[in-house]
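Asker: Fold the following for me, if possible:
(one chain, ligands or ions: 4)
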Amino acid sequence: MNTRTGWALVAALSLITSLAAVAASSPVVISEVAWAGTAASPSDEWIELYNRSQGPVDLAGWTLAFGDVVIHLGKVEGATLEVRTTVIPQGGFLLLERSDDSTISDVAADLVYRGTLSNAGVTLRLRDPSGAEVDTANAGCEGWAAGSATGPVLYASMERVDPSGADLATNWRTNDGVLRTGRDALGGEVNGTPRAKNSATTAAETVPTVRLLAPVTEGAAVSGLFIVTWAATDPDGPADGLRVDLYLSRDGGTSWAPLVENLANSGSYAWDTRAVPDGEAYALKVLATDRDAHSGVVVSPPFSVSNRR
Ligand SMILES: [Ca+2]
Ligand SMILES: [Ca+2]
Ligand SMILES: [Ca+2]
Ligand SMILES: [Ca+2]
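Answerer: Ligands and ions are numbered 1, 2, ... in the order given. Down below sits the predicted model:
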């Protein structure tokens, strides 16, 4: 390598490194986006920021922008109607309510803004006082990475799963409709967690995950003694503390019946497929449950049982 090529490489590498460092080191991130509004009104949108750093952060000079909306986080300018708090404590949240403070009626807004989060999807951009883009939400997504206007959880927010993780589609999840906080303008429960820990974060920290290793191929034919194989882990408990139940569907996953229950989490089960009739629309479901009654589940693609043809 000649000197010029060498320096070009060093420059390129340091640029990549500094870009990655900026994205990874922002003290504050966008943690929740209620782009669908609430049951009280689809216009009652709200946004949550989270301070993941080791100290308080003053947001004076920072902006949050989407489309042609620019919300100044430290002063009344642009789309900002009212500023009540500019400092987020370590591990704390900042709640931005659209139009007025009654969007989330039982939690006081930190900031009130105007501007619509299109249900067709948009990228949110957080910039620090130098103008540098330090975080985004929904970048590069068609529509929205998560959240829902129509269900199964109605008017559900889009929650960041891991607040220390990047803005990837896989790091956003729809509020589960179970772990939720806050009331809308009509007093109904909000399918989201305004100024509180995200349901998606809690789930990632506590709920078991299950992967199915066999059967995994759609349309596969199984016969004889078939070894159902899975891998189940619990983020906050021992894997061998999990209880596993297997369910079988003969109609491609519409209805389920227990196949075998209360298994140890051994990772496999020898299923005698000769005990069931041949068929082409079988599916298996593996449910792993921890001691706190949190369950993770995985469903196989449809497969066939073929012993008699
Ligand atoms: Ca909207
Ligand atoms: Ca409020
Ligand atoms: Ca939240
Ligand atoms: Ca657990």
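
Asker: In contact with the residue of the stretch 101-250 of the chain found nearest ligand 3, which residues are there?
Answerer: In the stretch 101-250 of the chain, the residue that lies nearest ligand 3 is residue 193 (3.4 Å; C-beta to the ion). Placement of C-beta: from N, CA and C, glycine included. If you count contacts by C-beta atoms under 8 Å, 6 or more residues apart in numbering, residue 193 has them with 32, 48, 157, 159, 175, 179, 180, 181, 182, 199.

Asker: Number of residues surrounding the residue in the chain that ligand 4 sits nearest to?
Answerer: Per C-beta to the ion, residue 290 is where the chain lies closest to ligand 4, at 3.8 Å. Other residues near residue 290 come to 22 when the count uses other C-beta atoms under 10 Å.

Asker: Tell me the pLDDT of it.
Answerer: On pLDDT, residue 290 comes in at 97.

Asker: Need the contact partners of stretch 132-152.
Answerer: Contacts for stretch 132-152 (C-beta under 8 Å, 6+ apart): 22-23, 26, 28-30, 33-37, 42, 119-128, 154-160, 167, 169, 172-175, 177.

Asker: Now the buried members of those residues.
Answerer: Taking 16 or more other C-beta atoms under 10 Å as the criterion, what is buried in the contacts of stretch 132-152 is 26, 28-30, 33-37, 119, 122, 124-128, 155-160, 167, 172-175, 177.

Asker: Now do residue 25, the pLDDT please.
Answerer: For residue 25, the model assigns a pLDDT of 80.

Asker: so the residue of the chain closest to ligand 4 sits right up against residue 233, yeah?
Answerer: No: counting by C-beta atoms under 8 Å, residue 290 sits too far from residue 233 to count as a contact (10.1 Å).

Asker: Mutual contacts of the two, please.
Answerer: With C-beta under 8 Å, 6+ apart as the test, residue 290 and residue 233 both reach 208, 242.

Asker: near ligand 2, which residues of the stretch 101-250 of the chain?
Answerer: 101, 104, 109 (C-beta under 5 Å from the ion).

Asker: I'd guess the first one is in a strand, am I close?
Answerer: It refers to residue 101. No: counting by DSSP: H, G, I helix; E, B strand; the rest coil, residue 101 falls outside a strand, being coil.

Asker: Hmm, residue 108 and it touching each other?
Answerer: Yes: the pair residue 101 / residue 108 is scored as a contact, 6.6 Å apart, by C-beta under 8 Å.

Asker: Show me which of the two is the more surrounded one.
Answerer: Neighbour count, other C-beta under 10 Å: between residue 101 and residue 108, residue 101 has more, with 16 against 12.

Asker: can you pull the pLDDT of the more buried one?
Answerer: As predicted, residue 101 sits at a pLDDT of 98.

Asker: Roughly how far does it sit from residue 175?
Answerer: Between residue 101 and residue 175 the computed distance is 21 Å (C-beta to C-beta, to the nearest Å).

Asker: Please identify the helix or strand for the spatially closest residue to residue 31 that is not a sequence neighbour.
Answerer: Spatial nearest neighbour of residue 31, excluding adjacent residues (C-beta to C-beta, 6 or more residues apart in numbering): residue 50 at 3.7 Å. Taking DSSP states H and E as the definition, one finds residue 50 inside strand 46-51.

Asker: mind listing what residue 178 touches?
Answerer: With C-beta under 8 Å, 6+ apart, residue 178 has these contacts: residue 199.

Asker: ok, it to residue 193 distance?
Answerer: From residue 178 to residue 193 the distance is 11 Å (C-beta to C-beta).

Asker: Is residue 36 part of a helix or strand, or is it coil?
Answerer: coil.

Asker: how close does it get to residue 93?
Answerer: 19 Å.

Asker: re earlier: what separation is there between the residue of the chain closest to ligand 4 and ligand 2?
Answerer: As judged by C-beta to the ion, to the nearest Å, residue 290 and ligand 2 stand 35 Å apart.
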